[in-house]
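>>> I'll drop the sequence and a predicted model, then ask my questions.
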Amino acid sequence: MKKFISIITIVLFILSSSYIGFAQQDSTVEKLLEEGKKAYVNGDFKEAINKLSLAITIIKNKKDLIDAYLTLSLTYFTIGENDKAEENILKILKIKPTLSLNPDIYSPKFIIFVEEIKSKNMVGIEVKLKERGKLYIDDLFYGEGEKFNLKLVKGEHLIKVEKEGYKTLEQNIVVNNNSKNFSFSLEKLVPIEEEIKKAKKEETKPVETKETKTKVKEEIKTKKVEEATKEEEGKIVKEKNEKKGGSKFIYYLGGILAGGIVAAVLLSKKSTPTGPTVLKITSDPDGADVFIDGRSTGKITPCEITGIQSGRHELLIVKELYGQAKKEINIIEGETNSVYAKLSPFKYEFIRKWGKNGTGLTQFNSPIGISLFNNDNRVLIEDAGNHVAKVFSTKGVFIRKMPVGQELLTPVDGLLLNSGETFIVDVGANGFFKLDSAGKIILFKGGSGKENGKFDHPIGIAIGPNNKLYIVDTGNYRIQVFNTGGGFVGKWGSKGTGNSQFQYPFGIAINKEKKQVYVSDVALNKIVVFDLSGNYKFKWGSAGSGDNNFNAPTGVAVDRTGNVYVVDTDNSRIAKFTGDGKFIINIARGKGTENGKFNVPYGVAVAEDGTVYVADTGNARIQVFQITEDTISQGEVKVTVTSHHNKYHYFNGNKYKGNKLEHRLKSFHLERDNFKHKDKRK
């Protein structure tokens, strides 16, 4: 029965392979593009890259090709791989130099990124034709005329000029900063009348002789015989095919026969039965994606994979915004292959700073709160000593200050929604302000007191997935919750050292996916975690200067994968933890005025691509840190192989499973020992 099943399996495999050969590919591109875009929207960036990259290899029309390149570039841009994003934009510019993105569809940050690529790689050139003609560059029609001013991406291009009565000109040109003017002259065709063509044909017509006529007749006769033979053979083949059900049936029948032969040969050899091939994978940290031979397995560590073909395979284990480990492994049939991967956390490097002490637009006097908004394209900073909030680009270019026409008392934290509405916590005013998109105050909520909606030195603010505002009411040792209209929703917390109590709550951040609220307590040197309703979940930290210790933790931020960033103020460091409180790495550490050093830092914000922004309060500046490329692939992989418990062994010509063999050996040794004792007694 097993032999029959194996034969059927092989036959079915050959049949399915044969059928795929007849399948049409017309809808494949559309399906891949749709799946790639859907994966991007759902945040499955690896799947998006796989689908779109595959689509690009089979796309034939330029419209779909541009669409695929653009979505692929956007995907790489979102995960912070800007070099690959730029490569795909350059490919688009080669096809469509006039690329322009719709601001209603694409984020300002991505549009700026594309425009920067265009300004860096596009060169304005002038093409002059001495004879008016139709100009094509890389098969793209630019119109008809004598002079063209246009922009092309740097590199090699194919120029083609067409004009009736002239030879078509085709020539490769190289566009760079040093070659901007190109001039071409067309070569005229010699006009040929029909009579001249006819006369030439007559002149070149061969003279017929008796010998040539005989030769032609013989060739015609031979050709007719060959055609008749082929026709007869075709009829015979057709009749055979009709009897057997057609040519496709023969094709499949051949596959069945071949499969049967292969199966018979394979199964004729007696093999030792083994257990299933198992690949067990664990990683530190867990939650990493597993790829085998460049393809996603759909598994996340820790996991177990079966059915892998024996032999050498490339294993890749990746955790987003964390790192990856790669290794070639040898899968042994019937064995349990255990893999442990130690993923190296990303290291960070200082990339820029802006600001200094003062009252100017680009200067600060105690910048405390910092947050990102508008798809990470803008930075909001609460400049407490200058009584305003300021908006900058991510590169430190000043944009505006708020509120318009008046000052705050002591702004310490805030958030600016993509809708344009701004919320700013003012510790001096004991409340929070709401500003409209023009930067004017339209609401104030608060006042000194312990009642619901009143505050005693509020410091932090965050917004949850429920569109509720969570505000740290420090002096009242609690968290208060409001809707965006200022209405009181709820509260939790009290003074003390218990799980749901505070001594000096300060920073607050929310993991919207897991619906967890992270609150720092300066006095208890802990990060305390709650659900959105204020129910205690867990906490971590203690006083000290070690990796898992704090000395006055203040600002808190959460990245898109759930990692938590804490400003450890008196230890002069920014520390990165997993969502459950396991230390990962220090972004930067040390007290001072040099790049990467701090003087009483307070605020932290993290962009989608993992870039970290820090309010270096005592140094009156903003510092920015980015993941270094050289730490991405430094993970370690260890592989161990253990025999499967169902594997058979042989002893004295008999077959045993592992444990039965052990008992049989013991029995054999006892019999041998008894025989020796009997021999001695004799």
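Looks like it arrived, so ask away. Please read all numbers here as calculations on a predicted model, not as lab measurements.
>>> Spell out, range by range, the strands that occur in the stretch 551-682 of the chain.
553-558, 564-568, 573-577, 583-589, 603-606, 612-616, 621-627, 636-643, 648-651, 654-657 (DSSP state E, counting those that start in this stretch).
>>> Actually, the stretch 401-550 of the chain.
Using DSSP E, counting those that start in this stretch, strands in the stretch 401-550 of the chain cover 411-416, 422-426, 431-435, 441-446, 458-463, 468-473, 478-483, 488-492, 494-495, 501-502, 505-511, 516-521, 526-531, 536-540.
>>> Residue 604 is nearest to which of those strands?
Residue 604 lies closest, by Cβ to Cβ, to one member of the strands of the stretch 401-550 of the chain: strand 505-511, at 8.2 Å. Using the backbone N, CA and C atoms, a C-beta is placed for each residue, glycine as well.
>>> Confidence-wise, which of the strands of the stretch 551-682 of the chain is weakest overall?
Per-stretch mean pLDDT for the strands of the stretch 551-682 of the chain is lowest at strand 648-651 (a mean of 41).
>>> per-residue confidence at the spatially most central residue of the chain?
Centroid check for the chain by Cα atoms, centre = their mean gives residue 45 as the closest residue, at 3.7 Å. Note on residue 45: pLDDT of 87.
>>> Kindly report the same for residue 220.
Here, the pLDDT recorded for residue 220 equals 53.
>>> and if you look at residue 107?
78.
>>> ok, it - contacts?
With contact taken as Cβ atoms under 8 Å, 6 or more residues apart in numbering, residue 107 is in contact with 374, 375, 377.
>>> Might you report the residue contacts of the residue nearest to the centre of the chain?
Applying Cβ under 8 Å, 6+ apart, the residues contacting residue 45 are 39, 75, 78, 79, 320.
>>> right, and out of those, which lies closest to residue 185?
Nearest member of those to residue 185, counting by Cβ to Cβ, is residue 75, at 45.9 Å.
>>> any idea how far the closest one lies from residue 49?
For residue 75, the distance to residue 49 equals 6 Å [Cβ to Cβ, to the nearest Å].
>>> which one of those two has more residues nearby?
residue 75 (26 against 20; other Cβ atoms under 10 Å).
>>> Tell me the buried residues in the helix or strand harbouring that one?
Here residue 75, judged by DSSP states H and E, is contained in helix 62-78. Buried residues in helix 62-78, defined by neighbour count with 16 or more other Cβ atoms under 10 Å: 64-78.
>>> Quick check: residue 85 touching residue 74?
Yes: using Cβ atoms under 8 Å, residue 85 is in contact with residue 74, at 7.4 Å.
>>> Could you tell me how many residues sit around the nearest residue to residue 505 once chain neighbours are set aside?
Distances taken as Cβ to Cβ, 6 or more residues apart in numbering put residue 472 closest to residue 505, at 5.0 Å, once the chain neighbours are dropped. If you count neighbours by other Cβ under 10 Å, residue 472 ends up with 28.
>>> now this structure, which segments are flagged as low pLDDT?
Scanning the chain with the threshold set as pLDDT under 70 gives 1-27, 60, 104, 190-275, 321-323, 629-682.
>>> What values do phi and psi take at residue 30?
Dihedral pair for residue 30: phi -60, psi -40, per degrees, to the nearest 10.
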